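# How does the following fold in three dimensions:
(chains A and B)
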There are 2 protein chains.
Amino acid sequence: MAIAARIKESMEKSSWVRKMFEAGAEMKMRFGAENVFDFSIGNPNVPPPADFQKALESMTALNVPNKHGYMPNAGYPDVRAKVASFISDEQGVTLGAESVIMTCGAGGGLNVALKTILNPGDKVLVNTPYFVEYGFYVDNHGGVLEPVPCGENFDLDLEALASRIDEKTAAVIINSPNNPSGKIYDKATIKSLGELLERESKRIGRTIYLLSDEPYRKIVFDGVDVPGIFEYYRNSMIVTSYSKDLSLPGERIGWLAVNPQADDFADIIAGAVLCNRILGYVNAPGIMQRVVGELQGRSVDIDLYEKKRDLLSEGLKDIGYDFLLPKGTFYLFPKAPGGDDLKVVEILRDEKILGVPGRGFGMPGYFRLSFCVDDSVIINSLPAFRRAMDRF
Amino acid sequence: MAIAARIKESMEKSSWVRKMFEAGAEMKMRFGAENVFDFSIGNPNVPPPADFQKALESMTALNVPNKHGYMPNAGYPDVRAKVASFISDEQGVTLGAESVIMTCGAGGGLNVALKTILNPGDKVLVNTPYFVEYGFYVDNHGGVLEPVPCGENFDLDLEALASRIDEKTAAVIINSPNNPSGKIYDKATIKSLGELLERESKRIGRTIYLLSDEPYRKIVFDGVDVPGIFEYYRNSMIVTSYSKDLSLPGERIGWLAVNPQADDFADIIAGAVLCNRILGYVNAPGIMQRVVGELQGRSVDIDLYEKKRDLLSEGLKDIGYDFLLPKGTFYLFPKAPGGDDLKVVEILRDEKILGVPGRGFGMPGYFRLSFCVDDSVIINSLPAFRRAMDRF
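Residues are numbered from 1 along each chain as shown, chains lettered A, B, ... in the order given. Sure thing, here's the model as predicted:
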């Protein structure tokens, strides 16, 4: 046995997003990039805001001792303070710097949070559709991810969630705005979720944590509000990154924030700092910590994404595709015409359109299109979407 | 149960380096930083070379599409190619870009390598003294680190290693130049280690990997050479970072290289790329990948460290401390006068000197001093070292 059996198995499963990305690279080589309509991957194509470049230049010029050296594993204290102050405004719950740990993106933050709380065999619940990497992240730390079918219109199904909670349940993950559905859970839903977790934690005699993965919080349309979670459930953590809202996914910068009202706040923070260290992250990349410290509340021009959403959704609606208009993210998640998402993705691929089957998000019967692409890709793809529709 | 039992336990053990770091912070508050001689942590105090600043400015100014976006999980292909070419020269074995995965420092690289190869319950051997984080890294992926006492003068004890190898043995970690002893294993030792692993792999019927952790490879003195490992054992990987040789530990940039002659090369690379992704690193920080791509073979001014080594070692030798002169790293690892490393560290602390007990590296009876400090700290500490010696 050469490599770990579990890794060999994971390699064979791999991820649908990655498979489509690879198929796409091959198609682009064969047909020319301009002839392939690649809606497969969520790689932001809107440039970072001008303030980002200014902050990067200023941090590059910064002259302080030990500039690129080790800092506390949780990050630069002043950056943590700035982030905490921003979160306090956003959540309506006052956080100090000690509530925030700077992380290598949201992926890093989720791994840190999960390692901090999971005992071997613990369950983590998530409503479908969900970001497939959650399964790996939970498995990394000896847990088991249990997907629970969502309610109507991709809403949380609180009854279904409650019915799956038992004494092995350590956490529930939510992701709003949701990748891939674009769904935003409203205030009443979050409030009910908080009550449910409070009640169920008591019933099973252990704290069930709410992990809110929020990389798309700022990418919202039509003036919709994303309710905070800290106000509605005290045993909660938020993880996010600046990957999407500042277009920096390659720089791996984000944070984990622990609700200051959490029952075991001090232990969770100390545990998470330890996990950030021993998972080999050690700390979030230094220069990007300093840069994002200067950019609290900033984001790319969201109107550009809203325009892309409208362009794609109006085009596809005219052709006859069936979907819920996303209120956030840069994804559209239509029903697979005929119901078979693999077949739909295959036919689309024949038309040189790359999408991801819904089963890659635990939800067969749908497919995901990332509209963080040039407007021209959207416009030029519509005839191909029409031809595909004729073939379903 | 609020946080994971294993994390609670790890928090209580914590790391000696970290404990001393915290004690130091408290002492500096109390007595003033200039009155505390902090030899506890390996945070490089020599600034990055001027070329680094130039490269950082140039990459900050770089204007390319998708500049901070996702790239392949293994890193930018052109950076991987540059690193591969540099390693080829250094190791005398030709590597292509596909052999190299850019990682979040050596800590990231070790976690990726270990997750790729470890099955539950597998053993990883390491000779003492060793970097204590190895134990966490192995444990993260379900393995067990088994420290094996070193030979004379901190050399590898090959017989002792061989005697511990059984069918659960997945890997051996070496770290040369060694933290904390400063030992560099010579060519004959590496060659014998390669033969041993070849023979033992056959005997137990599985591949034993050699993981060489090399962050101090460029920090060597007296013109000593650090032999490569790829030439001497094919089932091998190197992990390293630019933390020490470019003074960038806060930026988390390094790489993992797999020997192109490894039996299961393609699987290991594909597995490691997957692990880099699913451990939540996703990719090494983008801008620092580009920066180090420009700086292959560069390092800080090593003469500065050599001077510090001489200053500290000559001073301590005069006082009567007993140690092997380190040929690399920025650590001195003297015998604890009287034999009790905890007591020695305590008495030193009374004198406002911070060091780390050898048991923090699996080797009681010694203590570590990091000499990556200002020359003035070394010079001013000598009277305190003398007073301490009188008290042992």
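
# which residues touch the residue nearest to A:T128 when sequence neighbours are not counted?
In this structure, A:T128 finds its nearest non-sequential neighbour in A:G362, 4.3 Å apart by CB to CB, 6 or more residues apart in numbering or on different chains. Bear in mind the C-beta positions are built from the backbone N, C-alpha and C, glycine included. Each residue near A:G362 by CB atoms under 8 Å, 6 or more residues apart in numbering or on different chains is listed here: A:126, A:128-130, A:132, A:147.

# Please name the bridge partners of A:V100.
A:A257 (DSSP bridges).

# Isn't it up against A:N259?
No. With contact defined as CB atoms under 8 Å, A:V100 does not count as touching A:N259 (11.4 Å).

# backbone phi and psi for the residue nearest to A:D341 when sequence neighbours are not counted, please?
Spatial nearest neighbour of A:D341, chain neighbours left out: A:P357 (4.0 Å); criterion: CB to CB, 6+ apart. Note on A:P357: its backbone torsions stand at phi -60, psi 150 [degrees, to the nearest 10].

# distance of A:P357 from A:F31?
21 Å (CB to CB, to the nearest Å).

# between the two, which one's more packed in?
Here A:P357 and A:F31 are compared on neighbour count by other CB atoms under 10 Å in any protein chain shown; more neighbours surround A:P357, at 25 against 11.

# Which helix or which strand is home to A:I238?
According to DSSP states H and E, A:I238 maps onto strand A:236-241.

# which residues are in contact with that strand?
Contacts of strand A:236-241 (CB under 8 Å, 6+ apart): A:87, A:91, A:103, A:105-107, A:109-110, A:113, A:209-215, A:217, A:229-230, A:248-249, A:252-259, A:262, A:268.

# Now intersect these with the strands, please.
Under the assignment DSSP state E, the contacts of strand A:236-241 contribute A:103, A:209-213, A:254-258 to strands.

# from those residues, which is closest to B:A2?
Distance to B:A2 across the ones in strands among the contacts of strand A:236-241 (CB to CB) is lowest for A:Y209, with 9.3 Å.

# For the closest one, give me its contacts.
If you count contacts by CB under 8 Å, 6+ apart, then A:Y209 has A:113, A:117, A:170-172, A:235-237 around it.

# Using PDB, write out every CA atom in stretch A:71-86.
The C-alpha coordinates for stretch A:71-86 follow below in PDB (Å, rounded to 0.1, in the frame of the first residue of the first chain):
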ATOM      1  CA  MET A  71       3.200  36.700  15.400                       C
ATOM      2  CA  PRO A  72       0.800  35.200  17.800                       C
ATOM      3  CA  ASN A  73      -0.900  32.100  16.200                       C
ATOM      4  CA  ALA A  74      -4.200  33.900  16.300                       C
ATOM      5  CA  GLY A  75      -2.900  36.800  14.100                       C
ATOM      6  CA  TYR A  76      -1.800  40.400  14.600                       C
ATOM      7  CA  PRO A  77      -3.600  41.800  17.600                       C
ATOM      8  CA  ASP A  78      -4.500  45.100  15.800                       C
ATOM      9  CA  VAL A  79      -5.900  43.300  12.800                       C
ATOM     10  CA  ARG A  80      -8.000  41.000  15.100                       C
ATOM     11  CA  ALA A  81      -9.300  44.200  16.900                       C
ATOM     12  CA  LYS A  82     -10.300  45.800  13.600                       C
ATOM     13  CA  VAL A  83     -12.100  42.700  12.400                       C
ATOM     14  CA  ALA A  84     -13.800  42.300  15.800                       C
ATOM     15  CA  SER A  85     -15.100  45.800  15.600                       C
ATOM     16  CA  PHE A  86     -16.400  45.200  12.100                       C
END
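
# got the buried residues for that stretch?
A:71-76, A:79-86 (16 or more other CB atoms under 10 Å in any protein chain shown).

# Near chain B, which residues of the stretch 251-392 of chain A? Just list them.
A:251-253, A:263-264, A:267-268, A:270-271, A:274-275, A:277-288 (CB under 8 Å from any CB of the partner chain).

# contacting residues around the lowest-mean-pLDDT helix or strand in chain A?
For chain A, using mean pLDDT, DSSP states H and E, the weakest element among its helices and strands is helix A:16-31, scoring a mean of 81. Helix A:16-31 is contacted by residues A:36, A:38, A:40-41, A:132, A:345, A:349, A:352, A:354-357, A:359-360 when judged by CB under 8 Å, 6+ apart.

# Next: stretch A:37-46.
With CB under 8 Å, 6+ apart, stretch A:37-46 has contacts from A:17, A:20-21, A:24, A:28, A:179, A:243-244, A:247, A:249, A:300-301, A:304-305, A:330-331, A:351-356, A:368-374, A:377, A:380-381, A:384, B:66, B:69-70.

# In helices, which of these appear?
A:17, A:20-21, A:24, A:28, A:304-305, A:377, A:380-381, A:384 (DSSP state H).

# just the residues you listed now: which is nearest chain B?
A:F21 (9.2 Å; CB to the nearest CB).

# okay, now the closest one: neighbour count?
Residues near A:F21, counting by other CB under 10 Å: 18.

# The closest residue to A:K244 other than its chain neighbours: what's it in contact with?
Nearest residue to A:K244, sequence neighbours excluded (CB to CB, 6+ apart): A:P215, at 5.0 Å. A:P215 sits next to A:106, A:179, A:240-241, A:243-245, A:254 when contact means CB under 8 Å, 6+ apart.

# Quick check: the farthest pair among those?
A:N179 and A:G254 (14.8 Å).

# how near is the residue lying farthest from the centre of chain A to A:F136?
Residue distances from the centre of chain A (CA atoms, centre = their mean) peak at A:P65, which lies 35.6 Å from the mean C-alpha position. Plainly put, A:P65 is 39 Å away from A:F136 if you go by CB to CB.

# Show me where chain A has its helices.
Using DSSP H, helices in chain A cover A:5-13, A:16-31, A:50-61, A:77-91, A:105-117, A:133-140, A:158-164, A:187-204, A:265-278, A:286-293, A:302-319, A:341-350, A:375-391.

# hmm, who's touching the third one?
If I follow you right, that is helix A:50-61. Residues contacting helix A:50-61 (CB under 8 Å, 6+ apart): A:246, A:248, A:287, A:290-291, A:294-295, A:298, B:56-57, B:60, B:287.

# Take the residues you listed and lay them out in JSON lines including distance to A:D122, pLDDT and neighbour count.
Shown next, in JSON lines, are the contacts of helix A:50-61 (distance: CB to CB, whole Å; pLDDT from 0 to 100; neighbours: other CB atoms under 10 Å in any protein chain shown):
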{"residue": "A:L246", "distance to A:D122": "33", "pLDDT": "98", "neighbour count": "27"}
{"residue": "A:L248", "distance to A:D122": "32", "pLDDT": "97", "neighbour count": "29"}
{"residue": "A:I287", "distance to A:D122": "36", "pLDDT": "98", "neighbour count": "24"}
{"residue": "A:R290", "distance to A:D122": "36", "pLDDT": "98", "neighbour count": "22"}
{"residue": "A:V291", "distance to A:D122": "36", "pLDDT": "98", "neighbour count": "28"}
{"residue": "A:E294", "distance to A:D122": "38", "pLDDT": "98", "neighbour count": "16"}
{"residue": "A:L295", "distance to A:D122": "36", "pLDDT": "98", "neighbour count": "21"}
{"residue": "A:R298", "distance to A:D122": "37", "pLDDT": "97", "neighbour count": "17"}
{"residue": "B:L56", "distance to A:D122": "43", "pLDDT": "98", "neighbour count": "25"}
{"residue": "B:E57", "distance to A:D122": "47", "pLDDT": "98", "neighbour count": "14"}
{"residue": "B:T60", "distance to A:D122": "43", "pLDDT": "98", "neighbour count": "18"}
{"residue": "B:I287", "distance to A:D122": "37", "pLDDT": "98", "neighbour count": "24"}
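
# List just the nearest of those to A:L324.
For those, the nearest to A:L324 is A:L246 (26.9 Å; CB to CB).

# Not counting residues beside it along the chain, what's closest to that closest one?
A:L246 sits nearest to A:P48 (CB to CB, 6+ apart), 5.2 Å away.

# Ok, A:T116 next?
A:G271 (4.2 Å).
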